[in-house]
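> could you look at this predicted model? Sequence included:
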Amino acid sequence: MDLSVKIGRIKLKNPVMVASGTFGYAEEFKDIINLKDIGAIITKSITLKPRRGNTPPRLWETTAGLLNSIGLQNEGVEDFIKNKFPFLKGIGVPIIVSIAGDTIDEYAQLAKMLNIPGISGIEINISCPNVKLRTTNYELRTKLFAQDAKAAAAVVRAVKKNTKKTTITKLSPEVTDICEIARAVEKEGSDAISAINTIKGMAVDIETQKPRLGDITGGLSGPAIKPVALRIVWETAQTVRIPVIGIGGIMTADDAIEFLLCGATAVQIGTANFLNPQAVLAVKEGIEEYLKRKRYTRVNDIIRGIKTNV
Ligand code: DHB
């Protein structure tokens, strides 16, 4: 069975990756799961300088999902290179580093600093819903970069100028026209798109009458968002030529197969890792069984295979 797919210049043994922020920097999972069987590892987003993150509580479980408000807590790019990357490099699967910044220049600097052998690609996180839209330097922002086609394009342009590595731009579902944003980042040379990031939400404790999260709102992930993610992937995959990586509430192989049928070239597993740290491998195996049962020999044969009669 040929499960391999290509994302930009990255060849993946299988199309199932772990999503940013749900797998740390992989080392903490080394005794729980065979890391080398994962399609690719996307690391927790890093920023130029260390960040302490948002006010706790930062997690709240909802009816069919998870609200999080981490606030891009991380130790910064220098610590990543010195202390996190050496372990990642030895795993033997493509390592994709997620980057986030307040300004376009911060994304550019991060891309430049990550021109290190052993890093396969950069995921440009322009869609984290938990950051305050700071007014550092001259940039006054009212939207996420992912919510404005020109801003999204400008970030991709700045990153591309500073790296030859495969770039994946992570989009937000919270836009009027996802196709406009997808086209804009493709035009600037983004090698792939990942969709979707979390959807901003909130929850309230009616006894204390306070928000459940310290910073009031958070990003919603998990099964609750899967239908939204599927629709966005389907719309995006029909619009651009670059590969689309599906993410949003994938808990099982069947979920992943829906994304592949809707046009995703690969998928990312996020929230499911918290329930079952081996979920990514169960999804991979389930895809393989489905392909066998349906008498396919390559995963590529089902990508975009949805029968819509249109
Ligand atoms: C963070 C949360 C997210 O849901 C996301 O997509 C990216 C970053 C965070 O708060 O760190």
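That came in fine, so what should we check first? Numbers count the residues shown, from 1 in each chain.

> export stretch 180-189 as CSV, just CAs?
Extracted C-alpha coordinates of stretch 180-189, given in CSV (Å, rounded to 0.1, in the frame of the first residue of the first chain):
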residue,chain,number,x,y,z
GLU,A,180,-9.7,35.0,-1.6
ILE,A,181,-7.2,34.4,1.2
ALA,A,182,-6.1,31.0,-0.3
ARG,A,183,-5.5,32.5,-3.7
ALA,A,184,-3.5,35.4,-2.1
VAL,A,185,-1.1,33.1,-0.3
GLU,A,186,-0.7,30.8,-3.3
LYS,A,187,0.2,33.7,-5.5
GLU,A,188,3.0,34.6,-3.1
GLY,A,189,4.5,31.1,-3.4
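
> buried ones in it, by neighbour count?
By neighbour count with 16 or more other Cβ atoms under 10 Å, stretch 180-189 contains the buried residues I181, A182, R183, A184, V185, E186, E188. In this view, the C-beta of every residue, glycine as well, is placed from N, C-alpha and C.

> surely A111 and V159 touch.
Yes - here A111 reaches V159: they are 4.4 Å apart, a contact under Cβ atoms under 8 Å.

> common neighbours of the two, please.
I99, I122 (Cβ atoms under 8 Å, 6 or more residues apart in numbering).

> okay, the two: which has more neighbours?
With neighbours defined as other Cβ atoms under 10 Å, A111 and V159 compare such that V159 has more, 27 against 24.

> pretty sure that one contacts G121?
No - the pair V159 / G121 is not scored as a contact, 10.9 Å apart, by Cβ under 8 Å.

> circling back to that earlier point, dump the buried residues of stretch 180-189 to JSON lines, plus pLDDT, secondary structure and distance to W60.
Listed next are the buried residues of stretch 180-189 as JSON lines, based on pLDDT from 0 to 100; DSSP: H, G, I helix; E, B strand; the rest coil; distance: Cβ to Cβ, whole Å:
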{"residue": "I181", "pLDDT": "98", "secondary structure": "helix", "distance to W60": "28"}
{"residue": "A182", "pLDDT": "98", "secondary structure": "helix", "distance to W60": "31"}
{"residue": "R183", "pLDDT": "98", "secondary structure": "helix", "distance to W60": "35"}
{"residue": "A184", "pLDDT": "98", "secondary structure": "helix", "distance to W60": "33"}
{"residue": "V185", "pLDDT": "98", "secondary structure": "helix", "distance to W60": "31"}
{"residue": "E186", "pLDDT": "98", "secondary structure": "helix", "distance to W60": "35"}
{"residue": "E188", "pLDDT": "98", "secondary structure": "coil", "distance to W60": "36"}
